[in-house]
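**Q** Give me the fold of what follows.
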Amino acid sequence: MNQKTLWQSLSSLSPEARQQVVDFIAFLETRYATAAPRPRKAIKFAPLKQEDFIGMWRQREDLQDSTPWVRKTRATAEKNWTLESLLSDVTSDCLHTETDTGTAVGREVW
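**A** Numbering: from 1, shown residues only. Prediction:
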């Protein structure tokens, strides 16, 4: 649509409809206005070796070489779990007794 066609379409509208178009244009100008970018402050980082998390597990005997641990963790995460495989790890040590949560307060069905 070119400017002439747009102007003709706008001129053919009632005064109320034209005002709605003007209001909509004002809304779009506000919504999509580009603000001037704020200057960014430079962030200063400490050298990586000084970060607290570096070496936090150095005393752990089981993680002296993290490569096998990472491989095992990835293989576990990528495994296609089934209900049977999940339940195979359940033992009497991880079962607990029934917990009373009180009387129903909504549409619960017990």
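
**Q** only C-alpha atoms for contact and neighbour calcs from this point on.
**A** Will do.

**Q** where does the protein dip in pLDDT?
**A** 35, 37, 110 (pLDDT under 70).

**Q** now the helices: where do they sit in it?
**A** 3-11, 15-31, 66-77, 83-87 (DSSP state H).

**Q** Mind checking the ones you listed for the one nearest to Phe45?
**A** Taking C-alpha to C-alpha, helix 66-77 is the member of the helices of the chain nearest to Phe45, at 26.1 Å.

**Q** How far does the closest one sit from its chain's centre?
**A** Relative to its parent chain, helix 66-77 has a centroid offset of 25 Å by C-alpha atoms, centre = their mean, to the nearest Å.

**Q** could I get the helices of the chain as a markdown table with mean neighbour count and distance to Thr97?
**A** Output for the helices of the chain, formatted as a markdown table (neighbours: other C-alpha atoms under 10 Å; distance: least, C-alpha to C-alpha, whole Å):
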| stretch | mean neighbour count | distance to Thr97 |
| --- | --- | --- |
| helix 3-11 | 11 | 73 |
| helix 15-31 | 12 | 57 |
| helix 66-77 | 11 | 29 |
| helix 83-87 | 9 | 17 |
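
**Q** May I see these organised as TSV, with distance to Glu98 added?
**A** Below are the helices of the chain laid out as TSV (distance: least, C-alpha to C-alpha, whole Å):
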stretch	distance to Glu98
helix 3-11	71
helix 15-31	55
helix 66-77	30
helix 83-87	18
